[in-house]
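Engineer: Okay, predicted coordinates and the sequence, questions at the end:
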Amino acid sequence: MANVTDASQNKVRTAEEVNFEIARGMAEIVRSTLGPLGRDKMMVDSSGRTVITNDGATILRETNFVHPTASLIVGVARTQESESYDGTTSAIILTGELVQQAEGLIQRGVHTTLIERGYNIALKEALNHLDSLSVNIESDEQLLQVANVAMTGKQAEAYKDTLGPLCVEAAKSTRPSKVNILVRPGASVEDSLATTGLMIDKQMMNHGMPKKLDKGSIALFDCDLTLPAHTAGVNVNFDSGEAADLYAQKRKEDILKIGQHIVDMGINVVFSMKEIDPVLSEYFARNNVIAFRRTNNSLLERVAETTNAMIVSSLGDLEAEDLGTCGEVVEVSNPAWDKPIMQLNDVANPVGYSILITGPTEHVASEIARALDDAIGVTWIAHNEKAVVNGGGSTHVNMAMHLKQFANSVGGLEQLAVESFANALEVIPATLAQNSGLQPLPSIIALRAAIASGIPHASLNVFKGGVCTEELAVIEPKKVVTVALESATTAASQILRIDNIIQAKEAEFME
Ligand code: ADP
Ligand code: MG
């Protein structure tokens, strides 16, 4: 029989409650990083490796979550990052808020199916309204502004005069996947370099090789450049010293023949995915050939693409037309760097863009490289899709105001869900205000008033408080907002639908 005097109770939490808590908790983790005045997180793993970052996706990727629902939310950050390069923190915060708003509705007796339906109605209407809020990118200055906004709140922001123009150049030159960012700690960020050629983070095999060639003629091998017998690790036995000398002599001659053949073809840059015999390397050095061994596949392919070279699998296959070409090949070094980089300029097919980010420490340079990578993606989207919207809470408050009006036309309990969706959107300006030391509610009210008075582009002035009425003060690609709304709504719906978590059987191995 239950002990009536025992006031303690064991309350078993349902899967729903746990899920809601996880969604809110994850939003809470990244919340303080949002906006230009957001703070950074220091992530430390068990081996003491640290990453200091302000980026929502990086934070969640580096955090050790075990609960399956957490991976749903990490998925939101991943989608956001891969589709729009920015807005990960906003997407996570929005997911948490949509779930929290839904919790309120569930407590009022609204069924999750109706909430999901209402959220989807609201999403569609919000995106329609977003279209009417967007403007077209017309100039490089606007692109520069997009790049600068994408870097706000991160360490990179302090160097935006150097990095902003790099973003615009890169975004206009090529797609983000073809931008190659290298990092060298040991110099100031202002010393960063960029080129439409190719920068290679690889040292030449022998210090005697030339540091500069006026014109590159490039051969790419995905095989060893050694004698066949010496790649297999065979044992060779000799019965006299003479025989051994003779063998060594013959071997050297055979290797030098390979070198001779390469030099005769006019090749002066060699990349091999595997080994290059040291004797051959020395021969190359004496004959003004630069060689790289053990290059990875992606580098080899990048060189192939940008210099119009063909990767061959044996020296015998190599034809003159397989050779790649470029202008100057030069080793760039700086006394402050731990190692130099190679640069291929005036490449035959300038489809890529290379950037070398230097920074006082490895941490700074890497965090800047990450921020730059995202900012280039964002700028590229703005350059290609043209449509941008006002940031600083402007778009979100506009959409929220519109949805609150629109909700009246939605019948049934879904109407409540549309209103909740509108309330959830306001978490973005509220958090921006909070992170800037401003009062969230009065800030949102001031913003609503400005928008209602006919200034739709009004945004939060996070630095001084109040409202900023300057047109296009803070702009970001429409797509960053669209993807965040879509992925947050999808994740929130998925979380709402789960009523139980069951440990599934291990998948059996199929024969
Ligand atoms: P996310 O990972 O979501 O991109 P950020 O920390 O980059 O997170 O913050 C983005 C938010 O900060 C956006 O809502 C953007 O409009 C806003 N923002 C950026 N710069 C400014 C600014 N100068 N003034 C007001 N808001 C800004
Ligand atoms: Mg951002």
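Structural biologist: That came in fine, so what should we check first? Computed from a predicted model, the values in this text were never measured in an experiment. Ligands and ions are numbered 1, 2, ... in the order given.
Engineer: Could I get the contacting residues of the residue of the stretch 251-400 of the chain found nearest ligand 1?
Structural biologist: Using CB to the nearest ligand atom, the single residue of the stretch 251-400 of the chain nearest to ligand 1 is residue 391, 2.2 Å away. Heads up, the C-betas are built off the backbone N, CA and C, glycines and all. Contacts for residue 391 (CB atoms under 8 Å, 6 or more residues apart in numbering) come out as 149, 459, 474-476.
Engineer: looking only at pLDDT, what's the mean for stretch 357-375?
Structural biologist: The average pLDDT for stretch 357-375 rounds to 89.
Engineer: ok, and does it reach over to ligand 1?
Structural biologist: No - residues of stretch 357-375 contacting ligand 1 under CB under 6 Å from any ligand atom: none, with a closest distance of 8.2 Å.
Engineer: Would you indicate which residues of that stretch are buried?
Structural biologist: By 16 or more other CB atoms under 10 Å, the buried positions in stretch 357-375 come out as 357-359, 363-375.
Engineer: ok, these vs residue 290, which is closest?
Structural biologist: residue 358 (23.1 Å; CB to CB).
Engineer: Quick check: bridge partners of the closest one?
Structural biologist: residue 184 (DSSP bridges).
Engineer: Pretty sure it sits against residue 181.
Structural biologist: No - if you go by CB atoms under 8 Å, residue 358 and residue 181 don't touch, sitting 11.5 Å apart.
Engineer: which residues touch the residue nearest the centre of the chain?
Structural biologist: Nearest to the mean C-alpha position of the chain, counting by CA atoms, centre = their mean, stands residue 374 at 5.0 Å. Counting by CB under 8 Å, 6+ apart, residue 374 touches 55, 81, 85-86, 150.
Engineer: low-scoring stretches of this protein, by residue?
Structural biologist: 1-13, 229-233, 500-504, 507-511 (pLDDT under 70).
Engineer: Would you tell me which residues of it are close to ligand 1?
Structural biologist: 33-36, 38, 56, 86-90, 149, 152-153, 391-392, 428, 432, 459-460, 462, 474, 476.
Engineer: Could you name the specific helix or strand carrying residue 257?
Structural biologist: Secondary structure from DSSP states H and E places residue 257 in helix 241-264.
Engineer: for residue 280, same thing?
Structural biologist: Counting by DSSP H and E, residue 280 is found in helix 278-286.
Engineer: re the thing from before, now rank the contacts of residue 391 by neighbours and give me the top one.
Structural biologist: residue 459 (29 neighbours; other CB atoms under 10 Å).
Engineer: for that residue, which residues make a bridge with it?
Structural biologist: residue 468.
Engineer: residues making contact with the particular helix or strand that has residue 163 in it?
Structural biologist: Counting by DSSP H and E, the element that carries residue 163 is helix 160-173. Under the contact criterion CB under 8 Å, 6+ apart, helix 160-173 has outside partners 140, 143-144, 147-148, 150-151, 156, 176, 179, 189-190, 192, 194, 196, 350, 352-353, 355, 368, 372, 375-376, 379-380, 382-383.
Engineer: host element of the residue nearest to the centre of the chain?
Structural biologist: helix 362-385.
Engineer: about what we covered before: now, the contacts of helix 160-173 that are in strands?
Structural biologist: 179, 194, 353, 355 (DSSP state E).
Engineer: got those as a markdown table, with neighbour count and distance to residue 410 columns?
Structural biologist: What follows is the ones in strands among the contacts of helix 160-173, written out as a markdown table (neighbours: other CB atoms under 10 Å; distance: CB to CB, whole Å):
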| residue | neighbour count | distance to residue 410 |
| --- | --- | --- |
| 179 | 22 | 44 |
| 194 | 21 | 51 |
| 353 | 25 | 48 |
| 355 | 23 | 49 |
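Engineer: Mind picking the two most distant members of these?
Structural biologist: Spatial extent of the ones in strands among the contacts of helix 160-173 (CB to CB) is set by the pair 179 and 194 at 9.4 Å.
Engineer: List the contacts of residue 257.
Structural biologist: So residue 257 contacts nothing (CB under 8 Å, 6+ apart).
Engineer: can you check the one 4 residues further on too?
Structural biologist: By CB under 8 Å, 6+ apart, residue 261 lies in contact with residue 315.
Engineer: just the one 4 residues further on next, same as before
Structural biologist: Going by CB under 8 Å, 6+ apart, residue 265 touches 217, 219, 318, 320, 323.
Engineer: I appreciate the help and will end here.
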